[in-house]
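> Below is the sequence, then the predicted model.
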Amino acid sequence: MAGAMKQKTDVLQGTLALMVLKTLDVLGPLHGYGVARRIEQISGDLLAVNQGTLYPVLLKLEQEGAIASEWGASENNRRARFYRLTEEGRKQLQVETRDWEQTAAIIGRFFEAKAEDLS
Amino acid sequence: MKSLRRFFTRLASLATRRAQDERLREEIEEHIALETAENLRAGLSPIEARRQAMLKFGGVEAMKQDYRADRGLPFIEDLVRDVRFALRMLRKSPGFTAVAVVTLAVAIGANAVVFGVLNALILRPLNVPQAESLWGIERGSDKAVNQSYPDYLDLRDRNRSFDDLAAYNVALAGLDTGNNPSSSWILEVTGNYFDALGIHPYLGRFFHGADEHGPNSAPYIVLTYAFWHSHFQDDRSVVGRTVQLNKHPFTILGVAPLEFRGTLLFVFPDFWVPLVNQEQVEGTNVLNARGNRSILMVLGHLKAGVTPLQAVADLNSIGSYLEKTYPKDDGQMTFSLTRPGLTGDWLGGPLRAFLSGLMLLAALILMAACANLGSLFAARASDRSREVALRLALGAGRLRVLRQLFTEAVLVSLIGGAFGLWGSVALLRGLSVWQPLPTAPLQVPVNPDANVYAVALLLSLASAFLFGVVPVRQVLHTDPYHVIKSGSTGTVGRRFTVRDLSLVAQIAICAVLVTSSLVAVRGLVRSLHSNFGFEPKNTLLVETALSMAGYSADRAPAMQKRMIDALESIPGVKSVGLVDRLPLYYGANSSDVFADKTTDLRPTNAAAEAMIYNISPEYFDAARTSLLAGRTLSWHDDKDAPRVAVVNREFAGKIFGSATDALGKYFKRRDGTRIQVVGIVEDGKYTSLAEDPQPAMFLPILQSPSTVVSLVVRSDGDPQQLAPAIKSAVQDLDAGLPFTLRTWNQELESALFPSRMATLSLGVLGVMGAMLSITGVFGMAAYSVSKRLRELGIRMALGAQRKEVLQAALGRAFKLLAFGSAAGLLLGILASRVLASIVYQATPRDPLVLSGVVLAMLLLGLLATWIPAQRALSIDPVILLREE
């Protein structure tokens, strides 16, 4: 059971990481809440119940050097941590986007396939 | 690459953990504040807005844990936490910590020392390039390393297995660099010695095979670095200087590198000279005597690709050629290979056996220490069962709890190991610079190297796991519910536990150690009081080699007679006797003897191999060797008189059947000379104290002259008072003759050295074993008394007598002690067989030893249970029961 849960988180983390990179790529530097909001707006309820899971993902991306962070002021003028995409992160995003598109294309073709194509 | 970078970021984040926790807290707060503000805008009440925000964020603590797990390296963080906690726990119980650390320091230190010696003398090869392919040659079934020079030449020139074969000999020589004659231990070596070993000079040059052109053709000296440093003060201009060696001019060619100290592990020579100049160094040479096996050792590097087995086959084919060609001189010429540093099995064999035995005992000490600590840790774990139960109840995994306990064990063991290693390194360094015997250039080069450190570390970790594993079962079976409800679990009255078993094992091991050290001590005492065949008390020895002052063999006898006469005229001197080599001194001579009727004098037909001593007539008187029958030798037994000998009882019995049969009979030596037996003397010790009786013959010095001289000067009282008079008497005769003056007892140190060292090391291990069993029994007894205080109090309140209380409190401890001692005694008796080869007359079947062991163990038991017994007896039931 623990294993299944872990697997699910891993998948979630992987997907989340890509979403974070894309969000920062499109919108520029954002604080954690900002990232969470954008992902929520686009993906629906993926983060509806536990926005907190975003933070370990941000940490991991930062440790890998894909994003960097620094303190700044939020819209209500409080101290907030702002994340931005690094050059390395941009490259990583490009690579992973291409991978995704390829994977999606292949899976797509499989779903469209009919019995006579596979015989 | 990415994961490596991540690893380092995580490693670095260990240091900034607190700041990062703070950052996360701030981020979460900000996140929730922003979400709350959003919810407020959406029209929720402030409380509901915050509640919704929190809900949406999800489980903060779970997320924090995830975050932390990803941020740092949890394994290391846990480790740091465990180490900190363990240190705190150890500081809290300083008594326990001190006992554990000292126990381990002693046990690991003992192992490190023994291993250090083993490593340096047995495992580490000689310090030459490609030492792994360097072998010495042993001859015959008794693995003798000595060869004759002509045989060496044949081996060198006919073999196809060695790159080159070199040979060497140890000798004493007098060096005079300008009016300061002093004696030095040197190696006489073949010309190819340095080239065959692959050594290059530090300064100047070495001599080579091409420098030899027959006897006395290469008067060259190569100095060791140490001797160059101490006697020539690092003077680089010594190269090319001419010095006097035994009154012959020799030229210093060069200096060997510091790390090369000759080809014997335990004797460092001062310099090397070519063996072809033996006559100038020793007064005679054996370069043409095929039957005279006085070359100490032949050694060389195997050719690349040749296995030792192939080399032995090659040598054996040369051997059978030698047997056929020289049947008179070369008997059993089969060969084997050996490591050259310890002169093969002659010294290496007993040393290897002894050191392995010692290593085994040291390992036993460590096992005993582990058993000891195992029970200590088990006791501690059961004392901490409440703490463990609480942690389990609060959700700690059992593995996590065990890991913490193991951390504590490893920590204790590393601290103990560090102390032990520190002590043993100091001891080994001390041993390395120690010169155990004043008379011989003996060294114990046992400087610790990386192997010793590695072994100490390994032993520390291994012992940590050994004693750390003892409380595991206990923890795994802890039921938090019961423990917290009913207080600590009592183990009173249960069957034998692991703790008991480990205590018995430990006591048994200690009893083995005590037994073997008592056996050794007893053997040493006996050997000190055994009959040597001479009486060393009240004698002074004047030792010299006349060749050092330039006397040749034919001029020596006159000088020897003058010396004897001069010393005898000193007031207070009772008698003066001369012998070429003292019994129980290294460099003993022996040779084959034959029955009178034997005509084919090949070695295989020999009746016996007898020790040879060339003596002056007064020797028996001066040495107090008692004459059993016949007459002693006289000054009339000279070159022109018939050849005669005095033999010992063993000789007479072996060759003639009995002492009475021998008188007046003849025997033959290898060269065919017939010798008449004119007297029989008592047996003595000739090569070692542990030897069986050996045949020996005493020949008149005038019939077989020698330039090596030991004068035995017997006095009425304290011989030291005669020393100045003796010194000036010898100097008056020849001022250029270096000599040493010592009492015979001092000289005997070298003969007693092996058994002294054996006894000392076994004694130390025995004391360690005794200490360990005291702490072990004490720990067990004290613990069981403290656990049962309440029970004992109730018994006393109900009217139990002192005897019954003691029995209840300590009966078990004594039962275990008796059990362990019996087992240990039995094992010790078996183990002592090994000892018999080193320590003279070491037998465990000696009532004194047996009762000694029993008494010692009993005493240890009393000592160890004294304090717990006092505590049990001083229980005041009233106070105790009120407290509970």
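Thanks, I have it.

> Average pLDDT for the one helix or strand B:T660 maps to, rounded please.
Per DSSP states H and E, B:T660 falls inside helix B:659-662. The predicted model assigns helix B:659-662 a mean pLDDT of 80.

> and if you look at stretch B:325-338?
Computed over stretch B:325-338, the average pLDDT equals 83.

> Likewise for stretch B:57-68?
Mean predicted lDDT for stretch B:57-68 stands at 76.

> Could you do stretch B:241-256 as well?
On average, stretch B:241-256 scores 90.

> do the same with stretch B:877-884
The model assigns stretch B:877-884 a mean pLDDT of 67.

> cool, stretch B:687-695 as well?
In this model, stretch B:687-695 has a mean pLDDT of 79.

> Repeat that for stretch B:621-634.
91.

> ok, now how distant is B:M297 from B:Q278?
15 Å (CB to CB, to the nearest Å). All C-beta atoms are positioned from the backbone trio N, CA, C, and that covers glycine.

> Correction: the previous question concerned B:I509.
53 Å.

> More neighbours: which of these two?
B:I509 (29 against 22; other CB atoms under 10 Å in any protein chain shown).

> Next, that one: secondary structure please.
helix (DSSP: H, G, I helix; E, B strand; the rest coil).

> leaving aside the residues next to it on the chain, what's closest to whichever residue of chain A sits closest to chain B?
Using CB to the nearest CB, the single residue of chain A nearest to chain B is A:N50, 2.8 Å away. Spatial nearest neighbour of A:N50, excluding adjacent residues (CB to CB, 6 or more residues apart in numbering or on different chains): B:G58 at 2.8 Å.

> what about chain A, any weak spots by pLDDT?
A:1-13, A:44-49, A:117-119 (pLDDT under 70).

> again, 80 this time
A:1-15, A:42-51, A:74-78, A:113-119 (pLDDT under 80).

> who in it is up against chain B?
Contact residues, chain A versus chain B (CB under 8 Å from any CB of the partner chain): A:31-33, A:36, A:48-53, A:55-56, A:59-60, A:63-65, A:74-76, A:78-81.

> Just the ones of the residues you listed in helices?
Those of these mapping onto helices are A:G32, A:Y33, A:A36, A:Y55, A:P56, A:L59, A:K60, A:Q63, A:E64, per DSSP state H.

> I'd like these laid out as CSV, including neighbour count.
Converted to CSV, these look like this (neighbours: other CB atoms under 10 Å in any protein chain shown):
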residue, neighbour count
A:G32, 24
A:Y33, 26
A:A36, 25
A:Y55, 23
A:P56, 22
A:L59, 22
A:K60, 19
A:Q63, 21
A:E64, 19
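
> so which two of those residues are the farthest from each other?
For those, the maximum inter-member distance is 22.1 Å, found between A:Y33 and A:E64 (CB to CB).

> Give me the number of neighbouring residues for whichever residue of chain B sits closest to chain A.
Of all residues in chain B, B:G58 sits closest to chain A, at 2.8 Å by CB to the nearest CB. Residues within reach of B:G58, counting by other CB under 10 Å, total 16.

> how about stretch B:625-635: buried residues?
Neighbour-count burial for stretch B:625-635, counted by 16 or more other CB atoms under 10 Å in any protein chain shown, picks out B:T625, B:L628, B:A629, B:G630, B:T632, B:L633.

> ok, for the fourth one, nearest residue in space, not its chain neighbours?
In this case it means B:G630. The shortest distance from B:G630 to any non-neighbouring residue, by CB to CB, 6+ apart, is to B:G679 (3.5 Å).

> Pull the number of nearby residues for the one you found.
Counted with other CB under 10 Å, B:G679 comes out at 20.

> what do you get for B:I76?
Other residues near B:I76 number 12, with proximity taken as other CB under 10 Å.

> Tell me where the stretch 201-350 of chain B is predicted with low confidence.
Ranges of the stretch 201-350 of chain B meeting pLDDT under 80: B:265-267, B:282-286, B:291-296, B:328-332, B:341-350.

> Many thanks, have a good one.
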